[in-house]
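Participant: give me a 3D structure for the following:
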Amino acid sequence: MAKSIFQIDWRTWLLKTIAVGVILGGIFWYSSHVSLTMSDIITTMAKTPLILILLIELIDKFVDMNDIYSRIYLSVGRVSDIEDSAKKVFISLLISGIGFLGILWALTGTFTLALGSLSAGPLIVSALYATYILAPETGDDELLLFLWLGATIATGGQHIMIMPPIPGLSTLPGIGTTLF
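Facilitator: Numbers count the residues shown, from 1 in each chain. From the prediction side, this is the model:
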């Protein structure tokens with residue numbers, strides 16, 4: 001259910017919109033300076049496990065509909081020299097950064113902070129997914145699911161994966177590799 005125009009905190013919305021614009025500008029600047037094609041992005045999106053897409057959509061819905069950033073802000077406390085809206089956006093950026101690291105781990109299967117060792121596709125797609133969570137008022141629509149479906153159709157469904165490979169899980173008796 002969409003929020004009424006009177007229910008939106010416009011100052012926070014504007015700051016989040018500016019932050020998302022700056023982050024997307026950085027992502028696009030980085031992707032223009034590495035050897036990355038649209039095919040790489042589409043293939044990486046298609047390789048994203050469906051459970052991860054659904055989880056991101058659920059998190060985005062929960063965050064946008066419950067105004068979770070404001071609640072986290074209230075539990076952290078007040079700092080008198082910074083405006084409330086700026087603090088909310090900073091907390092949003094922090095949570096989005098943690099989400100980026102989690103998404104990157106799920107896409108690559110490893111956790112490393114050596115950016116040179118990662119291919120550009122998962123790095124860019126993880127950043128786009130995390131920015132999607134940060135973007136204001138995206139919880140009403142399943143835009144990321146639509147992008148994943150389009151990427152899956154474009155690649156002929158050859159990369160469909162329900163769950164990411166979980167170390168040790170595929171070696172358990174009774175667990176086949178059909179889901180991975």
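
Participant: quick one: neighbours of L149, just the number.
Facilitator: L149: 15 surrounding residues under other Cβ atoms under 10 Å. Where you see a C-beta, it was placed from the backbone N, CA and C, and this is true even at glycine.

Participant: I'd like to know how far it sits from I160.
Facilitator: Distance of L149 to I160, given as Cβ to Cβ, to the nearest Å: 11 Å.

Participant: same thing with T152?
Facilitator: 6 Å.

Participant: swap in D141?
Facilitator: In terms of Cβ to Cβ, D141 sits 23 Å off from I160.

Participant: same question, L143
Facilitator: From L143 across to I160, the span is 20 Å (Cβ to Cβ).

Participant: buried sites along stretch 49-66?
Facilitator: For stretch 49-66, the neighbour count (16 or more other Cβ atoms under 10 Å) marks P49, L50, L52, I53, I56, E57, I59, D60, V63, D64 as buried.

Participant: circling back: any residues in contact with both of T152 and I160?
Facilitator: Common neighbours of T152 and I160, using Cβ atoms under 8 Å, 6 or more residues apart in numbering, are A46.

Participant: which of the two has more neighbours?
Facilitator: Just comparing T152 and I160: by other Cβ under 10 Å the higher neighbour count belongs to T152, 21 against 13.
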